[in-house]
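Asker: sequence? don't have it. structure:
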């Protein structure tokens, strides 16, 4: 299983209690559904865990992972990101995308001029933002990921067409 076949669905926040439970952060659309995708894998795909959610806690869930039975083992996993193979995830409607599919795409304006490349997808609480690396700029640019600002995402062609709000990119004239 290659890393490109894996999608991050959560992360371990550390131990919860003293009996090997972990604090589990879910990145799935329905947070409690993370357990439905088990087994969950490490980033390199070499380690996997079954997951049992025991109860909701602040910013996530308390959960039991297979093979983790002590506070020390749970704490050792703090920061571990959890992945599932792409083929286990549901297919999405045409106007929805997995963040992993957007990272690395070239972004062009409506006239075809290159604007940059997607570095990451951020969320400010209201809308997603595409963080773009722009040639010639030291800072990244945050492009609102709305239908108005991003009318076209063509995964097959590996490109995004954007109509950015005025003033978002420095004038190149």
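Answerer: All right, it came through fine. These figures come from a predicted structure and were not determined experimentally. Numbering: from 1, shown residues only.

Asker: grab the longest helix from this protein for me.
Answerer: helix 71-76 (DSSP state H).

Asker: are there helices or strands packed against the next helix or strand after that one, and which ones?
Answerer: Counting by DSSP states H and E, the next helix or strand C-terminal to helix 71-76 is strand 81-85. On a contact count with 3 or more C-beta pairs under 8 Å, 6 or more residues apart in numbering; DSSP states H and E, strand 81-85 meets strand 6-15, strand 40-41. From N, CA and C alone the C-beta is placed, and that goes for glycine too.

Asker: show me what the shortest one is packed against.
Answerer: This means strand 40-41. Using 3+ C-beta pairs under 8 Å, 6+ apart, strand 40-41 sits against strand 6-15, strand 48-49, strand 81-85.

Asker: for this structure, what spans make up the helices?
Answerer: For the chain, the helices defined by DSSP H cover 71-76, 99-102.

Asker: mean pLDDT lowest for which of these?
Answerer: Among the helices of the chain, helix 99-102 carries the lowest mean pLDDT, a mean of 87.

Asker: list the buried residues of that one.
Answerer: 99, 101, 102 (16 or more other C-beta atoms under 10 Å).

Asker: enumerate every residue touching residue 54.
Answerer: The contact partners of residue 54, taken as C-beta atoms under 8 Å, 6 or more residues apart in numbering, are 21, 61, 62, 63, 64.

Asker: redo that, cut-off 10 Å
Answerer: Contact analysis of residue 54 by C-beta atoms under 10 Å, 6 or more residues apart in numbering lists 16, 17, 21, 22, 24, 61, 62, 63, 64.

Asker: show residues contacting the least confident helix or strand in the chain by mean pLDDT.
Answerer: For the chain, the helix or strand with the lowest mean confidence is helix 99-102, at a mean of 87 (criterion: mean pLDDT, DSSP states H and E). For helix 99-102, the external contacting residues (C-beta under 10 Å, 6+ apart) are 4, 6-8, 27, 83, 86, 89, 92, 118, 120-123, 128, 130, 145, 150, 153, 155, 158, 160.
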